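1. pasting the structure only:
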């Protein structure tokens, strides 16, 4: 039950000449070529001393060597530790030590950062492997021919906005069930081509490398997000699905002028946190088939998705748990009623068994730390992080709800809301707004606008105009740092 | 890893109002209704004393109660023993005893057979449950909410043409991986509707009940095979996929006159044994998208399928092993070379762990008893049953190859080939032919025709014209009984 053929071997068997990965202007690798490159590298790494069970880190942007390294490690049975390239050397050093990494593969653009990083850790210069000089070997060395679903394949650090990052361990089975769960939801077509513009070191981008070899579906790999480029990819290059986060969708819509997407474009898979409703409405007006999802590193990418049939009826919902998964909302220690907000709990074969070197998750369900509710038909609405909740006069307030409303105000580019101590109410919400060039906004204007959509206790009591929101390496707003920004540039 | 939500609960959650099963002229059940009926029955059966782990047999044709009973048993955690309705009471009694069945659910059309059967077994009249009077209950009784993939769900007896039948045990996981493996091969579309005309007590028909709840795809249930009806279903009822065996495809093509199938019809999934090449060529001429498959009860339905892209290039091949499966050919104890015939061995999470009350399968691969070869691109060609092989002058001869050639002769309705002792050659092949009405055929005509396609040692040395081929309850030719037919009606 727990073993399947190595997925890249299988695609090589099924369709050796089919395109696996398109990248750059006119470059591509067939499954056969992707396999060949990955196996040559695997043997090269073995020659360099990499063994089954070793932890090998990748510090790399989106480049073709990334999937080749990932598959090479699977041929060895080594664990891939995916590092966020935006981290500082100190942050990277913490993760390399914590993950007990024995070798580090480095993007040529990140060599200096890697050198500064290894000064802090037990790795020497011999343990660095450069992507522009990857070791290869053509000798006859035995490589893994099958994958055991319960074996750990990857480790990715949670971008956690508080506390020390923890390494989420994913087994081959976690990734396999995640890919299959998604296919049972979105369907699977011979003509599909999925575009990666999310970083592959995060689970959202990484999961497409898995779909690539599990479905046998071609992917198009971009080095970074560029709205105009992606809009053209969708229009002229046969891309049928794109995974994005909120800010990317915003920019894609801004760039999308007269010409709409072709009808062959079937899915804009939107994840990475709560989504402002006005944005979904703008996408809907442009006939963009947005599928809102819910997921996190611990769930190996999406665990809930809004199905095509409900996309417009349930705007703003992240849908229902994928076929192999279960989801429930717990409030005050019991299953919440419809529309009652509580903490989202998830279960399923794509949910990670735990964090590296931390006590395992004993409970049946994983407590996600996210607040949300189910409507009376069981559709999930993700409200916010539980920890970011503001309690004002006994009422629970979620910043994301307020941010979503303020995003609808003309001239607002971005907004973050957090709580501040208040003698009368305990806490009150305050808003930090980044304005579009030349725009202006007063507390009174904001208050008047918010009154149409929000109960009075939810309306921010103060407004700070700032130049930039504090974000972490995963580009998520760090609300507890909003007041630090204020110190920097209050108007 | 090993637990998923109960699949019918999940479909009820995801799409309660969607059509699950269409049957009869204008009848259908939504997922919500299918769940309701199945749960009411599960509770009714519990009230009658059926418990988790019990073995409950079904003696039923293709009727809507069949899937309801199957799902009811899964809600209880009981094992469904699926009986072949064509068996005699003595044969059924053997299986009921062997499978240690505690209750028997009976189709109203098969009550007399059931009564004659239970005279032979330890079951009493109290242990019979009539499908036209199924017990139901609406009380609050706890039912299974999740499925453990390693638990046994069904038992089906192999139709084995020799020896005593054995009960193949299938876990929930075997069925789940089978369905997912098929989806990864055929794709999955919102507009799919799969027609069942194969008996549901065989794994081929049963597997569609699984796809129905695992994919959330509607199925159309027919009580029996009728070429004209099925051709109309494909033309006018939005059926996109049909599973058939060889004889059904023959009849569908005969009935298919001027009007071809609509372009929305995407797959005629053909299984159940070797296929005569002339038939595939006739289907190809009519633009029927035939996907030849290979599978057996032990593999929970298909384990290899010829992919769309190769359908015409590799006519006659059963393709390659599905994504989660592996297949190899063993000759003389080693992996066979390309084009070398040997015994087919299979492995994968859809392969049954063993037979009830028999020693488990210790080896990594299941030896299928089927002879076949891989071509130089790894495509599987199933030749015949290993046991039916004829050895003539040291040469191996497979009856199916000869039958396939003789089927191309004008006037031949059906043909069976077997070996007979010969002083000079050890064994020689002989042919038993059923002619179309008014046709005629001499040994000389057959020999002349065969010479164009077969080496001389493969050409049957004798010809017997008979009125009917001996078939078992699964409608497969029983070649070892061909000589018995001859005694009955030699011309």
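-> Looks like it arrived, so ask away. Please read these numbers as outputs of a predicted model, since none were measured by experiment.
2. what lies in contact with stretch A:225-244?
-> A:22, A:186, A:189, A:191-198, A:204-205, A:207-208, A:220, A:222, A:248, A:251-252, A:254-256, A:259, A:261-262, A:264-271 (CB atoms under 8 Å, 6 or more residues apart in numbering or on different chains). (Glycine included, C-beta is placed from N, CA and C.)
3. quick one: buried ones out of those residues?
-> Those of the contacts of stretch A:225-244 that meet the buried threshold are A:22, A:186, A:189, A:192-198, A:204-205, A:207-208, A:220, A:222, A:248, A:251-252, A:256, A:261, A:265-271, by 16 or more other CB atoms under 10 Å in any protein chain shown.
4. tell me, which of those residues make contact with chain B?
-> residue A:189 (CB under 8 Å from any CB of the partner chain).
5. and the buried ones among the contacts of stretch A:225-244, which of them are in strands?
-> A:22, A:194-196, A:220, A:267-271 (DSSP state E).
6. which one in those residues is the model shakiest on?
-> Ranked by pLDDT, those bottom out at residue A:271, which has 88.
7. any idea what that one is bridged to?
-> Judged by DSSP bridges, the bridge partners of residue A:271 are residue A:245.
8. same check on residue A:330?
-> Applying DSSP bridges, one finds that residue A:330 bridges with residue A:335, residue A:343.
9. my guess is it contacts residue A:341, does it?
-> No: the pair residue A:330 / residue A:341 is not scored as a contact, 10.6 Å apart, by CB atoms under 8 Å.
10. which of those two has more residues huddled nearby?
-> residue A:341 (20 against 14; other CB atoms under 10 Å in any protein chain shown).
11. what's the closest non-adjacent residue to the more buried one?
-> residue A:373 (4.6 Å; CB to CB, 6 or more residues apart in numbering or on different chains).
12. again, but for residue A:461
-> That would be residue A:428: by CB to CB, 6+ apart, it lies 4.5 Å from residue A:461.
13. gap between that neighbour and chain B?
-> The gap separating residue A:428 from chain B is 39 Å, by CB to the nearest CB, to the nearest Å.
14. give the contact list for that residue.
-> When contacts are counted by CB under 8 Å, 6+ apart, residue A:428 is found next to A:390, A:392, A:419-420, A:422, A:460-462.
15. quick check, it in a strand?
-> Yes: per DSSP: H, G, I helix; E, B strand; the rest coil, residue A:428 lies within a strand segment.
16. for the stretch 201-350 of chain A, what are the low-confidence residue spans?
-> Applying pLDDT under 70 to the stretch 201-350 of chain A flags the ranges A:258, A:274, A:308.
17. residue A:45 contacts residue A:74, correct?
-> No: the pair residue A:45 / residue A:74 is not scored as a contact, 11.5 Å apart, by CB under 8 Å.
18. for chain A, what's the longest helix?
-> helix A:31-47 (DSSP state H).
19. list the buried residues in that one.
-> Within helix A:31-47, the residues that qualify as buried are A:31-46, counting by 16+ other CB under 10 Å.
20. stretch A:66-77 now?
-> A:66-77.
21. the residues you listed in helices, which ones?
-> Per DSSP H, the subset of these in helices is A:66-76.
22. next, the contact list for the residue nearest to residue A:298 when sequence neighbours are not counted, please.
-> Nearest non-adjacent residue to residue A:298, counting by CB to CB, 6+ apart: residue A:352, 4.8 Å away. Residues near residue A:352 by CB under 8 Å, 6+ apart: A:168-171, A:174, A:297-300, A:366.
23. of all those residues, which two lie farthest apart?
-> By the measure CB to CB, A:171 and A:366 form the most distant pair in these, at 14.6 Å.
24. after the helix or strand harbouring residue A:93, next one along is what?
-> Counting by DSSP states H and E, the element that carries residue A:93 is helix A:89-98. Downstream of helix A:89-98, the next assigned helix or strand under DSSP H and E is strand A:103-106.
25. give the buried residues for the helix or strand that that following strand is followed by.
-> Using DSSP H and E, the helix or strand that follows strand A:103-106 in sequence is helix A:111-118. Of all the residues in helix A:111-118, those buried under the rule 16+ other CB under 10 Å are A:113-114, A:117-118.
26. how far does helix A:111-118 sit from its chain's centre?
-> 25 Å (CA atoms, centre = their mean, to the nearest Å).
27. so it versus helix A:89-98, what angle?
-> 60 degrees (axes from the mean of the first three to the mean of the last three CA atoms, to 10 degrees).
28. what is helix A:111-118 packed up against?
-> strand A:55-59, helix A:89-98, strand A:103-106, strand A:128-130 (3 or more CB pairs under 8 Å, 6 or more residues apart in numbering or on different chains; DSSP states H and E).
29. so can I have TSV of those showing mean pLDDT and distance to residue B:98?
-> Formatted as TSV, the helices and strands packed on helix A:111-118 follow (pLDDT from 0 to 100; distance: least, CB to CB, whole Å):
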stretch	mean pLDDT	distance to residue B:98
strand A:55-59	98	51
helix A:89-98	93	57
strand A:103-106	98	57
strand A:128-130	96	60
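30. could I get these as CSV with distance to chain B and mean neighbour count?
-> Below are these laid out as CSV (distance: least, CB to the nearest CB, whole Å; neighbours: other CB atoms under 10 Å in any protein chain shown):
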stretch, distance to chain B, mean neighbour count
strand A:55-59, 22, 24
helix A:89-98, 25, 19
strand A:103-106, 28, 23
strand A:128-130, 31, 18
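31. which stretch among those comes nearest residue B:144?
-> Of all the helices and strands packed on helix A:111-118, it is strand A:55-59 that lies closest to residue B:144, at 39.5 Å by CB to CB.
32. give me the packing partners of that closest one, helices and strands only.
-> helix A:65-76, strand A:79-83, helix A:89-98, strand A:103-106, helix A:111-118.
33. circling back: need the contacts of residue A:352 in CSV with neighbour count, can you?
-> Formatted as CSV, those follow (neighbours: other CB atoms under 10 Å in any protein chain shown):
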residue, neighbour count
A:168, 23
A:169, 22
A:170, 29
A:171, 23
A:174, 29
A:297, 24
A:298, 25
A:299, 28
A:300, 30
A:366, 20
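34. ok, the residue nearest to the spatial centre of chain A - contacts?
-> For chain A, the residue sitting closest to the mean C-alpha position, by CA atoms, centre = their mean, is residue A:204 at 3.8 Å. Shown in contact with residue A:204 (CB under 8 Å, 6+ apart): A:198, A:243, A:245, A:271-272, A:295, A:301.
35. and residue A:113, by the same measure?
-> Contacts of residue A:113 (CB under 8 Å, 6+ apart): A:59, A:85, A:89, A:92.
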